[in-house]
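Asks: Turn this into a model:
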Amino acid sequence: MDKQESHRWEVYDRYGNKIYMTAERWQHAVESRPWLVDYHEQALATLRQGRRKQDPLSPRKYKYYWPCPELLPDFNHLVVIVLMEETTDAQGQIISNNYAVNVWAVFIYGRR
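Replies: Reported below is the predicted structural model:
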């Protein structure tokens, strides 16, 4: 694994959850959506400041939304999908493993 593949960015969301995005997941997002390549910092800001919505069918999955006017006229928000997981270590401590799995953009009507 080269240095790029092992890199990850860690942030805290507005609710105090530590979330990370790996270089591999970011590369996956931009391979499907190459026009997002210059929006990495905005994707991290989406995790830090965005509002989230829990998936009703998969309670550990959340969609984080944040306005991104630079994407107009086609889109106006970034969306980052995060999986929230918890495990328990040998001492009974809860360990969080929250990670971004994908990034894309949407147009939300009525919002700028």
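Asks: all strands of this structure, in order?
Replies: 8-12, 18-22, 51-54, 61-67, 77-88, 94-106 (DSSP state E).
Asks: Need the residues that contact the second one.
Replies: The contact list for strand 18-22 (C-beta atoms under 8 Å, 6 or more residues apart in numbering) reads 5, 7-13, 43-44, 47, 80, 82, 96, 98-100. Where C-beta positions appear, they are placed from N, C-alpha and C, glycine not excepted.
Asks: For the residue nearest the centre of the chain, list each beta-bridge partner.
Replies: Closest residue to the average C-alpha location of the chain: Val80 at 3.4 Å, with C-alpha atoms, centre = their mean. In this entry, Val80 is beta-bridged to Tyr64, Val103, by DSSP bridges.
Asks: For it, give its distance to Trp35.
Replies: The spacing between Val80 and Trp35, counted by C-beta to C-beta, to the nearest Å, is 16 Å.
Asks: I'd like the average pLDDT over stretch 17-24.
Replies: Per-residue pLDDT over stretch 17-24 has a mean of 97.
Asks: who's in contact with the residue nearest to the centre of the chain?
Replies: When the contact criterion is C-beta under 8 Å, 6+ apart, the partners of Val80 are Met21, Ala43, Thr46, Leu47, Gly50, Lys63, Tyr64, Ala100, Asn102, Val103.
Asks: Tell me, how many residues neighbour the fifth one?
Replies: Counted with other C-beta atoms under 10 Å, the burial measure for Gly50 works out to 22 neighbours.
Asks: got a pLDDT number for it?
Replies: pLDDT at Gly50 comes out at 97.
Asks: For it, give me the backbone phi and psi.
Replies: Main-chain torsions, Gly50, degrees, to the nearest 10: phi -70, psi 160.
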